[in-house]
Structure formats: C-alpha cells, structure tokens
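Enquirer: Please work out how this folds:
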Amino acid sequence: MKRLFKMAVLPIVLLLAMMLSGCQSNSQEQTSGSAKTNQSLNWKVADFNFKDENNRSFGMDQLKGKVWLADFMFTHCTSVCPPMTGNLVHLQKKLKEAKLPVEIVSFSVDPSRDTPEVLKRFAQKHGADFSNWHFLTGYSFDKLKSLSEGSFKSSVAKPSKGSDQFTHGTNIFLVNKEGVIVKKYNGFQDVPYDRIMKDIKELER
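Expert: Numbering: from 1, shown residues only. From the prediction side, this is the model:
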C-alpha cells in the first residue's frame, strides 16, 4: 500500500518542483545581477523628455550634471512596486540626512493608466518627497520599452492574457553626472543602502 501511495504521489511532487523552478527562474530573470552591488557598468542613458507628476516636461536636460537613481514601476502593481517604492522612500530619507544631492526618477511601465495625477496620488500615499523625486509618464509603452531595454538593459512586457500586471525589472540604477549608468542594485529585497550611499559619495567627490 505504501509503495502504491509513493508511486501515486511522485508525479505530483515532480510537477510541483517543475512549477516552483519555473517561478524561481522568472524572478531571477527580473532581478538578474542586482545582487552584485559592486558590479561596474557603463551604459549611456538615451536622451528622453517626458512628463512628471505635475504634468511638466522632465528629462535628461533637467538631470544634466546630477547624480540620479532610477527604477521602473506602475501604480496598479499588486506585488513588487509598493515595497520597492517604500524602499526608495527610506533611501531618500537617508540621502537627505547625509545631505547628498541626488535625484530619483521612477518610470511608469503603464503610461496609459498612470497619468500625472494618478502617479502623484500614488507617490503621496507612499510618502515620497517631490523635491528631488520625479514620477514619469507621457509616452507610449513602446518608447518606454525601448528606453528600459536599450539603456537600462532591463526587460519589460505587457500583461499576459487575463491579467493587468506588467512585467518589469526590480533594480535601482545609479547614474553619474554624465548620464551613464554605473551601478545597479536590488530594489525589492535586501536593499544595500550603505553600499548605495558609499557609491554616491564617490561620484560626488
């Protein structure tokens, strides 16, 4: 009897293992390389000019000569975006305490729903300080995809059938004063705040 039970259970166990393995692979793909906080990059950010949460033009011209951090998010996200935004709020407070003049830019991957007004409400709800944090929209999904994948090497995809959830990376990117991405970090879990602060201080010297 025990032998028959094991034979019946084994295929189910194997199926579950395959499913879990697939989910884990998906997660790793979205955050690939983000754990390597000392990884040096050299990715030039393409020129852009979008709309911020106040419906004002904002782009590379406003970021010229400044160190900035970037991430990708959307307000209807039911998984990674709320905690990522909370992590950035915490990082923003630490940067202000250290008097580090760093800009933060959050690109919405759902520009059709994330109007400036929607982004502003989302940011206020999570406690973001707009003095140096800019939530961007006002572009097509294809333009956002081109920027995300071309400049930040971060994949993004529209929702699958029957879902309203976009797929996007969960990294925080550090951009130097010349508009070049030099580091990326995990923005979802175990955020290396001290490492980020140290890297920013080095760029500000």
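Enquirer: quick one, strands of this structure?
Expert: 43-44, 49-51, 57-59, 67-73, 102-108, 133-136, 156-157, 167-168, 171-175, 180-186 (DSSP state E).
Enquirer: Which elements pack onto the second one?
Expert: Strand 49-51 is packed against strand 57-59, with contacts defined by 3 or more Cβ pairs under 8 Å, 6 or more residues apart in numbering; DSSP states H and E. All C-beta atoms are positioned from the backbone trio N, CA, C, and that covers glycine.
Enquirer: Would you confirm that Y185 contacts M197?
Expert: No - if you go by Cβ atoms under 8 Å, Y185 and M197 don't touch, sitting 11.1 Å apart.
Enquirer: Which of these two has more residues huddled nearby?
Expert: Shown here are Y185 and M197; by other Cβ atoms under 10 Å, Y185 has more neighbours (28 against 17).
Enquirer: low-scoring stretches of the protein, by residue?
Expert: For the chain, residues meeting the criterion pLDDT under 70 lie at 1-39.
Enquirer: Where do the helices of it begin and end?
Expert: In the chain, the helices defined using DSSP state H lie at 2-30, 60-63, 81-97, 116-125, 141-150, 193-204.
Enquirer: want to try CSV for the strands of the chain, with distance to L147 as columns?
Expert: Shown next, in CSV, are those (distance: least, Cβ to Cβ, whole Å):
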stretch, distance to L147
strand 43-44, 11
strand 49-51, 9
strand 57-59, 11
strand 67-73, 9
strand 102-108, 7
strand 133-136, 10
strand 156-157, 9
strand 167-168, 12
strand 171-175, 12
strand 180-186, 12
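Enquirer: quick one: which of these is nearest K143?
Expert: Proximity to K143, assessed across these by Cβ to Cβ, is greatest for strand 49-51 (8.7 Å).
Enquirer: Which positions within the closest one qualify as buried?
Expert: Judged by neighbour count (16 or more other Cβ atoms under 10 Å), strand 49-51 contains these buried residues: F50, K51.
Enquirer: Could you do stretch 87-98 as well?
Expert: Using 16+ other Cβ under 10 Å as the test for burial, stretch 87-98 gives N87, L88, V89, L91, Q92, L95.
Enquirer: Settle this for me: the third one is touching Q124, isn't it.
Expert: To tie it back to what came earlier, the one meant is V89. No - counting by Cβ under 8 Å, V89 stays clear of Q124, with 11.2 Å between them.
Enquirer: Per the annotation, how does this structure divide into domains?
Expert: With automatic domain parsing as the criterion, the domains of the chain are listed as 1-30, 35-204.
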